[in-house]
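J.: sequence plus the predicted model coming up.
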Amino acid sequence: MQIRTIFYPNRCTRLDPHHKVEGFRRTFSISDTSLHHQYATNSRVSSANLYVIALVAPAAIILLISLIVTRSFWDLHSGWLGLALSLSVTSTVTNIIKITVGRPRPDILDRCQPAPGLTNPTPYTLSDSRVICTRLDLLNDGFRSFPSGHASLSFCGMIYLTFYLAAKVHISNQRGFSWKTWLLLAPISGATLVAISRSMDYRHHATDLIAGSLLGTAIGWYCYRQYYPPLSHPLCHRPYSPRIPRDEEDLDPEEAHADELETLGGARASNSTSSSSHSENGITSSDLERGTLVGGANVAGKKNMGEERREGEEGVPLEGGRPVF
């Protein structure tokens with residue numbers, strides 16, 4: 001093990017690169033029955049399984065949709081970036097709170113192994129783990145109950161995937177297809193089962209699971225909105241345009257905005273005159289009203305501008321670096 005030595009004036013400090021942050025440890029009552037549960041050596045959902053559920057599964061689904069359905073590299077790029085951002089932020093915030101709060105897990109007494117017959121020191125006082133515990137190897141993790149990392153990460157990844165799928169099927173198009181509801185319920189159900197498993201293993205209290213679920217949901221939604229418009233937007237299935245445009249194909253933001261408004265507004269104003277052109281291009285007025293694209297290209301926009309622009313490279317139009325709704 002490598003030990004580094006740092007010299008300061010009048011003192012010398014030795015730093016262990018493998019040292020882990022101990023964090024805060026709250027005092028607790030030995031008579032608290034919520035802390036008397038048995039320590040489970042094997043978890044129902046291990047850390048490796050958690051990474052598969054929260055990271056690998058959403059990334060694989062986004063990859064398949066981008067390659068097969070939307071056929072857009074920019075959609076894949078934006079989807080993966082948003083997923084990576086959401087999980088990294090969730091992991092950072094969760095660990096900071098865990099270390100700072102220091103709440104004991106429900107199995108803390110089994111980890112601590114206090115002496116038989118031991119009671120709290122005096123009335124109206126609590127026990128300190130550094131004094132009463134005879135086993136020390138499991139104590140650091142034993143005081144990181146709040147919030148649940150499994151709940152926050154699973155809900156973050158699954159909520160992000162839910163928003164991604166909801167945008168692709170246009171959940172807000174007011175047509176009420178029941179299969180969309182069942183499709184979007186699957187990721188949320190998976191995250192819920194992961195959170196419940198932590199209670200079955202006596203790793204967390206119920207409030208830990210609720211807090212972790214809310215934390216992961218909030219961060220997952222926030223990071224999704226950094227790359228995609230809201231679900232109420234007619235072009236919600238398309239990511240935002242690149243911040244650094246391509247010189248050979250980029251339009252001025254005002255021209256792109258005018259093009260989109262002309263495309264969407266023209267379908268509503270001239271239904272009779274545009275019906276023939278819509279049928280020729282294989283697109284209906286209802287498709288134009290909700291911003292649906294055919295084959296990954298905006299047919300009406302291509303006809304007005306006289307050039308081909310792929311959906312993945314164009315994205316949602318921007319004005320002054322901000323999305324135009």
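T.: That came through fine.

J.: where in the protein is pLDDT low?
T.: Flagging of the chain using pLDDT under 70 yields the residue ranges 1-20, 245-325.

J.: so what does the top helix by length along it touch, helix or strand wise?
T.: The longest helix of the chain (DSSP state H) is helix 73-101. Other helices and strands packing on helix 73-101, by 3 or more Cβ pairs under 8 Å, 6 or more residues apart in numbering; DSSP states H and E, are helix 57-64, helix 149-168, helix 206-225, helix 311-314. C-beta coordinates here come from the backbone N, C-alpha and C atoms, glycine included.

J.: would you mind giving those helices as CSV with mean neighbour count added?
T.: Shown next, in CSV, are the helices and strands packed on helix 73-101 (neighbours: other Cβ atoms under 10 Å):
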stretch, mean neighbour count
helix 57-64, 17
helix 149-168, 26
helix 206-225, 21
helix 311-314, 21
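
J.: can I get the ones you listed in CSV including distance to residue 124?
T.: Shown next, in CSV, are the helices and strands packed on helix 73-101 (distance: least, Cβ to Cβ, whole Å):
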stretch, distance to residue 124
helix 57-64, 49
helix 149-168, 33
helix 206-225, 24
helix 311-314, 65
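
J.: which of those helices sits closest to residue 188?
T.: Evaluated over the helices and strands packed on helix 73-101, closeness to residue 188 peaks at helix 149-168, with 6.0 Å, by Cβ to Cβ.

J.: report all helices and strands that that closest one contacts.
T.: Helices and strands touching helix 149-168, by 3+ Cβ pairs under 8 Å, 6+ apart, are helix 47-51, helix 57-64, helix 73-101, helix 178-200, helix 206-225.

J.: can you say which of the ones you listed is nearest to residue 172?
T.: Smallest distance to residue 172 across those (Cβ to Cβ): 10.1 Å, for helix 178-200.

J.: before we move on, the earlier item: in a markdown table: the helices and strands packed on helix 149-168, plus distance to residue 41.
T.: Rendered in a markdown table, the data for the helices and strands packed on helix 149-168 read as follows (distance: least, Cβ to Cβ, whole Å):
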| stretch | distance to residue 41 |
| --- | --- |
| helix 47-51 | 14 |
| helix 57-64 | 26 |
| helix 73-101 | 21 |
| helix 178-200 | 14 |
| helix 206-225 | 20 |
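
J.: which among the helices and strands packed on helix 73-101 is found nearest to residue 233?
T.: Minimum separation from residue 233 across those (Cβ to Cβ) falls at helix 149-168, 8.6 Å.

J.: next, the angle from the closest one to helix 57-64.
T.: Computed by axes from the mean of the first three to the mean of the last three Cα atoms, to 10 degrees, the angle separating helix 149-168 from helix 57-64 equals 20 degrees.

J.: residue 82: which of the helices and strands packed on helix 73-101 is closest?
T.: Comparison of the helices and strands packed on helix 73-101 against residue 82 by Cβ to Cβ identifies helix 206-225 as nearest, at 5.2 Å.

J.: helices or strands up against that closest one?
T.: Checked by 3+ Cβ pairs under 8 Å, 6+ apart, helix 206-225 has helix 73-101, helix 149-168, helix 178-200 packed alongside it.

J.: tell me the helix or strand right after the first one.
T.: So the one you mean is helix 73-101. Per DSSP states H and E, the first helix or strand lying C-terminal to helix 73-101 is helix 108-112.

J.: other residues contacting that following helix?
T.: For helix 108-112, the surrounding residues in contact (Cβ atoms under 8 Å, 6 or more residues apart in numbering) are 28, 30, 35-39, 105, 129, 132-135, 138-139, 142-143.

J.: buried members of those into PyMOL, please.
T.: Buried members of those, defined by 16 or more other Cβ atoms under 10 Å, are picked up in PyMOL with:
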select buried, resi 28+30+35+37+39+105+129+132+133+138+139+142+143
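
J.: so this protein: which segments form each domain?
T.: Following automatic domain parsing, the chain resolves into domains at 27-225, 253-323.

J.: turn the ones you listed into CSV, including distance to residue 238.
T.: Listed next are those as CSV, based on distance: least, Cβ to Cβ, whole Å:
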stretch, distance to residue 238
domain 27-225, 7
domain 253-323, 5
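
J.: what sits against residue 65?
T.: 75, 164, 168.

J.: and the first one, how close does it get to residue 67?
T.: Here the criterion is Cβ to Cβ, to the nearest Å. By it, residue 75 lies 10 Å from residue 67.

J.: since we're on residue 120, how many residues are nearby?
T.: Per other Cβ atoms under 10 Å, the neighbour tally for residue 120 reads 16.

J.: OK, contacts around residue 151?
T.: Counted by Cβ under 8 Å, 6+ apart, residue 151 has contacts 191, 194-195, 198, 204, 208-209, 211-213, 216.

J.: reformat these into CSV and put distance to residue 233 next to each item.
T.: What follows is the contacts of residue 151, written out as CSV (distance: Cβ to Cβ, whole Å):
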residue, distance to residue 233
191, 25
194, 31
195, 31
198, 36
204, 37
208, 35
209, 33
211, 31
212, 30
213, 27
216, 24
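
J.: among the domains of the chain, which is nearest residue 231?
T.: Here domain 27-225 is closest among those (Cβ to Cβ), at 4.8 Å.

J.: alright, that wraps it up for me.
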